[in-house]
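**Student:** how would this look folded up:
(one chain, ligands or ions: 1)
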Amino acid sequence: MCGIVAYIGPQNAYEIVIKGLQRLEYRGYDSSGVAIHNSKKVNVFKQKGKVQDLIDFAANKDTKGKLAIGHTRWATHGLPNDINAHPHQSGDKKISLVHNGIIENYAILKEELEQRGHQFESETDTEVLVHLIEEIHKNSKYDLFDAVRIALNEVIGAYAIVIINSDNPNELIAARKSSPLVVGIGEEEYFCASDATPIIEYTKNVVYLEDGEIAQISLTNGLKLKTIANQEKTPYIQELEMHLEALEKGGYDHFMLKEIYEQPQSIKDSMRGRISISKSKVALGGILDYEEKLINAKRLIFVACGTSWHAGLVGEYLLEEIARIPVEVEYASEFRYRNPIIGEDDFVIAISQSGETADTLAALKLAKERGATLMGICNVVGSSISRETDCGSYTHAGPEIGVASTKAFTAQVTILTLMAMMIGRRKGTITNKRFNRLLVEMKAIPDKLKTVLKENDLIEKIAKIYYQSTNALYLGRGINFPLALEGALKLKEISYIHAEGYPAAEMKHGPIALIDEEMPVFVIATKDSSYEKIVSNIQEVKARKGKIIAIVTQGDKEVKKIADHYIEIPKCDELLVPLLATVPLQLLSYHIALLRECNVDQPRNLAKSVTVE
Ligand code: M6R
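**Tutor:** Predicted coordinates for the structure are as follows:
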């Protein structure tokens, strides 16, 4: 939530920061702002709305300067408006600060500061932090760096912050706790950002700040790191493996569409180097050291949110079926606030595209305190979750920018399938014949997905019939039930149509009352062990005049006869259906949202990376 960019060096800082904010806009887009240092003073421009609104607003203003910080906001404290937009400044306007996170004890701090004469302009927690820093700096012997460090010891909550000082044109101060921050190191220039996407164009050398670290980034003294407890640290410089093209739309109208179409390749990338048909083997390098422990784990607990939680539900089915390990799938946000029973024999596995979701991260920390082994299935390399875990597998789906998760989901399901196969093979819970057949089928998935994508025109036609619906129902059974949840979530979040996902057989226990001629019912009705049952469920909907849009297996006869519309997917092992059947549901949501003139990549109220609890 919220994106931060900062620059210091010889180039025009405003341009770099603005471009960076546009890359980070997926993190929040209700308002944005910049503070630019220009000969002893700092110019601040802030605007409600998108980064483009800020660009328009600043068009004829003086944006010169070699040092700047910028922010794109997803509101937590205070309405999205010009005043609450970041950067925020100290009372004397000398210190400017951008912040991603929440200062939980801001109310108490604010009261104390008000008693000392501080006046606040905004409703934000962030403004309190910058005033606290000012208070410590002015009334002590501490320089600004130490004042920031001391202030951070007084705050409770999460933060990634970057600060500039009008008295010092050569320095940025940055710190993080529970919100991500990356420092880019170029030739006599430095960058800070919430993720590496604004930096990649200028340098591949980065330092990911750890929790509780504070950086002094100076053109004269270089990069110095300390903990907020005042311990010196040596910066660990890593090389980025990201490519710039992956951050562009590449000819597509929307990132979401591009990312849907990338799935044949992203699934291939998730499998690359991990499966071998000739050696009849699956290997997940990142968990090798923990393989034995994983195989002997009493149970696996998946913690995740949103779409990643749906991937966990598919994983539960796969792991219990193939590897015979009990699995629990937990909403991270619920798990962490219970008193869950976790032991040393448990494996807690966080599934997260961003690797930054605050609730998932907190659930992991709780599991760690209780002695569980931690694994991560993340997409973003170097993310907080990937660094917090004992072992893990990156999904390698490439940057996902559309707020609606698409290729990350199929990549997560790919990893979970491989994991189930690997454990099943070691435990002997899957026969050699089935294992080898699954290997071959896995390899064939990317090509089969290309066939599914050819149905796009048909899917668009179906979308044109139903885009004005006010409700929708999604049904599936077994391993396809999580797809019903995922299909409903995709529709809700980008088209704002109320939608519910249900296990098809549960429908008669309540939701069937909703069915009438106005209700589109999307059913995953592929040829599998529960095919006959789902046909009956479809009949039940038809009997009540509901409209059926079915995802069927090529060659299907029965469902085709009764459905109002059908979309075919190629035949595959029933355990692999989620990798194919989810794609028509993504495309349906995409087209429906487009027809409703919704902002597909940046739906209202949402942000890509939910780094607040
Ligand atoms: O980055 P994560 O996978 O941890 O994010 C979890 C959810 O916030 C995310 O999947 C969200 O539900 C998406 N908007 C769904 O499309």
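**Student:** every contact and neighbour count from this point should use C-alpha atoms.
**Tutor:** Noted.
**Student:** how about the residues of the chain by the ligand?
**Tutor:** By CA under 6 Å from any ligand atom, the residues of the chain that approach the ligand are 305-308, 352-355, 357, 403-405, 490, 608-610.
**Student:** element containing whichever residue of the stretch 151-300 of the chain sits closest to the ligand, please.
**Tutor:** Relative to the ligand, the nearest point of the stretch 151-300 of the chain is M256 (10.1 Å; CA to the nearest ligand atom). Using DSSP states H and E, M256 falls within helix 255-261.
**Student:** I163 too?
**Tutor:** Applying DSSP H and E, one finds I163 within strand 157-165.
**Student:** so which elements touch whatever helix or strand comes next after that strand?
**Tutor:** Going down the chain from strand 157-165, the next helix or strand is strand 168-177, by DSSP H and E. Counting contacts by 3 or more CA pairs under 8 Å, 6 or more residues apart in numbering; DSSP states H and E, strand 168-177 packs against strand 3-8, strand 157-165, strand 213-218.
**Student:** where exactly do the helices run in the stretch 101-250 of the chain?
**Tutor:** 106-115, 125-138, 144-154 (DSSP state H, counting those that start in this stretch).
**Student:** can you add mean pLDDT and give these back as CSV?
**Tutor:** As requested, the helices of the stretch 101-250 of the chain are exported to CSV (pLDDT from 0 to 100):
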stretch, mean pLDDT
helix 106-115, 96
helix 125-138, 96
helix 144-154, 97
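**Student:** what's the closest of those to L475?
**Tutor:** Closest approach to L475 among these is made by helix 125-138 (43.0 Å; CA to CA).
**Student:** other SSEs contacting the strand holding I163?
**Tutor:** On a contact count with 3+ CA pairs under 8 Å, 6+ apart, strand 157-165 meets strand 3-8, strand 67-73, strand 95-103, strand 168-177.
**Student:** where does L485 fall, helix, sheet strand or coil?
**Tutor:** When classified by DSSP: H, G, I helix; E, B strand; the rest coil, L485 comes out as helix.
**Student:** excluding covalently adjacent residues, which one is nearest to the residue of the stretch 451-600 of the chain at minimum distance from the ligand?
**Tutor:** Closest residue of the stretch 451-600 of the chain to the ligand, CA to the nearest ligand atom: K490 (6.0 Å). In space, and not counting its chain neighbours, K490 is closest to S589: 6.1 Å by CA to CA, 6 or more residues apart in numbering.
**Student:** from what I can see that neighbour touches S495, true?
**Tutor:** Yes. The pair S589 and S495 qualifies as a contact (CA atoms under 8 Å) at a distance of 7.0 Å.
**Student:** could you dump the helices and strands packed on strand 168-177 to CSV with mean neighbour count?
**Tutor:** Converted to CSV, those look like this (neighbours: other CA atoms under 10 Å):
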stretch, mean neighbour count
strand 3-8, 31
strand 157-165, 25
strand 213-218, 23
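**Student:** partners of K48 in the sheet?
**Tutor:** S31 (DSSP bridges).
**Student:** just say which of the helices and strands packed on strand 157-165 is most tucked in.
**Tutor:** For the helices and strands packed on strand 157-165, the largest average neighbour count (mean count of other CA atoms under 10 Å) is found in strand 67-73, namely a mean of 34.
**Student:** got the angle for that one vs strand 95-103?
**Tutor:** Between strand 67-73 and strand 95-103, the angle comes out at 30 degrees (axes from the mean of the first three to the mean of the last three CA atoms, to 10 degrees).
**Student:** give me the contact list for the helix or strand just after strand 67-73.
**Tutor:** Moving toward the C-terminus from strand 67-73, the first helix or strand encountered (DSSP H and E) is strand 88-89. Residues from elsewhere that reach strand 88-89, judged by CA atoms under 8 Å, 6 or more residues apart in numbering: 95-98, 126-127, 130-131.
**Student:** just these now: which is nearest T410?
**Tutor:** V98 (34.7 Å).
**Student:** what bridges to that closest one?
**Tutor:** V162.
**Student:** per-residue confidence for it?
**Tutor:** Note for V98: predicted pLDDT of 97.
**Student:** for L247, same thing?
**Tutor:** 82.
**Student:** about what we covered before: between S589 and S495, who's got more neighbours?
**Tutor:** S589 (28 against 24; other CA atoms under 10 Å).
**Student:** show me what the helix or strand that contains the more buried one is packed up against.
**Tutor:** Assigned by DSSP H and E, S589 belongs to helix 577-595. Applying 3+ CA pairs under 8 Å, 6+ apart, we find helix 577-595 packed against helix 255-261, helix 407-427, helix 432-453, helix 456-466, helix 481-495, strand 565-569.
**Student:** in JSON lines, list those along with mean pLDDT.
**Tutor:** Listed next are the helices and strands packed on helix 577-595 as JSON lines, based on pLDDT from 0 to 100:
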{"stretch": "helix 255-261", "mean pLDDT": "97"}
{"stretch": "helix 407-427", "mean pLDDT": "97"}
{"stretch": "helix 432-453", "mean pLDDT": "97"}
{"stretch": "helix 456-466", "mean pLDDT": "98"}
{"stretch": "helix 481-495", "mean pLDDT": "98"}
{"stretch": "strand 565-569", "mean pLDDT": "97"}
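**Student:** take the ones you listed and write them to CSV, including distance to N84.
**Tutor:** As requested, the helices and strands packed on helix 577-595 are exported to CSV (distance: least, CA to CA, whole Å):
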stretch, distance to N84
helix 255-261, 29
helix 407-427, 33
helix 432-453, 43
helix 456-466, 39
helix 481-495, 25
strand 565-569, 47
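**Student:** right, and those - which one's nearest L319?
**Tutor:** helix 407-427 (4.8 Å).
**Student:** buried set for that closest one?
**Tutor:** 407-425 (16 or more other CA atoms under 10 Å).
**Student:** kindly report the same for stretch 512-520.
**Tutor:** Buried residues in stretch 512-520 (16+ other CA under 10 Å): 512, 515, 518-520.
**Student:** how about stretch 461-469?
**Tutor:** Per 16+ other CA under 10 Å, stretch 461-469 contains these buried residues: 462-463, 466-467.
**Student:** cool, stretch 559-568 as well?
**Tutor:** Those buried within stretch 559-568 under the rule 16+ other CA under 10 Å are 559-560, 562-568.
**Student:** looking at these, which is nearest E171?
**Tutor:** I567 (57.8 Å).
**Student:** show me the contacts for the closest one.
**Tutor:** So I567 contacts 455, 458-459, 549-552, 584 (CA under 8 Å, 6+ apart).
**Student:** and the helix holding M256, what does it pack onto?
**Tutor:** Checking 3+ CA pairs under 8 Å, 6+ apart, helix 255-261 ends up next to helix 577-595.
**Student:** next, the angle helix 407-427 makes with the helix it packs on.
**Tutor:** 170 degrees.
**Student:** just how off-centre is helix 577-595 within its chain?
**Tutor:** Distance of helix 577-595 from the chain centroid (CA atoms, centre = their mean, to the nearest Å) equals 19 Å.
**Student:** quick one: that helix to helix 481-495, angle?
**Tutor:** 20 degrees.
**Student:** tell me the mean pLDDT over helix 577-595?
**Tutor:** 98.
**Student:** ok, H131 to the ligand distance?
**Tutor:** 32 Å (CA to the nearest ligand atom, to the nearest Å).
**Student:** next, the contact list for that residue, please.
**Tutor:** By CA under 8 Å, 6+ apart, the contact set of H131 is 89-91, 113, 118.
**Student:** find the pair from these with maximum spatial separation.
**Tutor:** Q89 and L113 (14.4 Å).
**Student:** which of these two has more neighbours?
**Tutor:** Neighbour count, other CA under 10 Å: between Q89 and L113, Q89 has more, with 27 against 17.
**Student:** any idea how far the closest residue to V452 other than its chain neighbours lies from I445?
**Tutor:** Of all residues not flanking V452 in the chain, I569 sits nearest, at 5.7 Å (CA to CA, 6+ apart). Distance check for I569 against I445: by CA to CA, to the nearest Å, it reads 11 Å.
**Student:** in the chain, what residue sits furthest out from the centroid?
**Tutor:** Farthest-out residue of the chain from its mean C-alpha position, per CA atoms, centre = their mean: K141, at 41.9 Å.
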